[in-house]
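*Asks:* got a predicted model here, sequence first, then my questions.
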Amino acid sequence: MLTLILGGVRSGKSRMAERLAADISDQIVYVATAEAKDVEMQERIALHQTHRPEHWKTIEEPIHLAKALFEYGTAENVVIVDCITLWITNLLLADERFKTGRDEIEALIMELKRGRCNLVLVSNETNSGVVPMDALSRRFCDEIGVLHQTLAALADNVILMVAGIPTWVKQTV
């Protein structure tokens, strides 16, 4: 089962992902894509860590997401990836031509199509506002928008979080 959870900052996406995963299994692998490059991000990461039970396995992987899913995505595990938007940011900054990004996105899509585990993807819905002024931000919006469409098409469930309330956009019965 593949579930995509979208929403704004502090909309309850991560908590929803954690609840869904815990309802499926007690063997949770939490793949974190954030990098703690400043104090504010360190605080955000620490807050997220306080919500996770100690028996959950945490993997920090800012770039090679498909590889982490291949390694930890087994039938016994539920994998949470938090979050796709930070992962895309990392890929955009990895190289100017976005070759790493293209390769990693392709590898992720191939791994998702294998469907080897229950997987919950968390991502920020960022394209509901104005078009950004700078080229990198516009590129980010384009890349994440296209990726969200691809992920939603592959997903069994798509949930949009608004103020802590889940709205099921797509639901497999």
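*Replies:* Nice, thanks for sending it over. Residues are numbered from 1 along each chain as shown.

*Asks:* give the buried residues for stretch 155-173.
*Replies:* 155, 157-161, 166 (16 or more other Cβ atoms under 10 Å). Backbone N, C-alpha and C define where each C-beta goes, glycine included.

*Asks:* return the subset of those lying in strands.
*Replies:* With strands taken from DSSP state E, the overlap with these comprises 157-161, 166.

*Asks:* residue 52 is in contact with residue 30, isn't it?
*Replies:* Yes. Under the criterion of Cβ atoms under 8 Å, residue 52 makes contact with residue 30 at 6.0 Å.

*Asks:* and those two? Which one has more around it.
*Replies:* residue 30 (25 against 17; other Cβ atoms under 10 Å).

*Asks:* run through the residues that contact that one.
*Replies:* 52, 56-59, 79-80, 82 (Cβ atoms under 8 Å, 6 or more residues apart in numbering).

*Asks:* tell me the one of those residues nearest residue 10?
*Replies:* Nearest to residue 10, judged by Cβ to Cβ, of these is residue 82 at 13.4 Å.

*Asks:* about what we covered before: which two from the ones in strands among the buried residues of stretch 155-173 end up farthest apart in space?
*Replies:* Farthest-apart pair in these is 157 and 161; separation 12.6 Å (Cβ to Cβ).

*Asks:* output the lowest mean pLDDT helix or strand found in this protein.
*Replies:* Using mean pLDDT, DSSP states H and E, helix 39-50 stands out as the lowest-scoring helix or strand of the chain, at a mean of 83.

*Asks:* can you redo the ones in strands among the buried residues of stretch 155-173 as a markdown table with distance to residue 70?
*Replies:* Compiled in a markdown table, those are given as follows (distance: Cβ to Cβ, whole Å):
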| residue | distance to residue 70 |
| --- | --- |
| 157 | 22 |
| 158 | 23 |
| 159 | 25 |
| 160 | 28 |
| 161 | 28 |
| 166 | 29 |
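
*Asks:* ok, so of the residues you listed, who is nearest residue 45?
*Replies:* residue 161 (19.5 Å).

*Asks:* and that closest one, how far is that from residue 127?
*Replies:* Residue 161 sits 15 Å away from residue 127, going by Cβ to Cβ, to the nearest Å.

*Asks:* again, but for residue 70
*Replies:* Using Cβ to Cβ, residue 70 is found at 29 Å from residue 127.

*Asks:* and the two? Which one has more around it.
*Replies:* Between residue 70 and residue 127, counted using other Cβ under 10 Å, the more crowded position is residue 70 (15 against 12).
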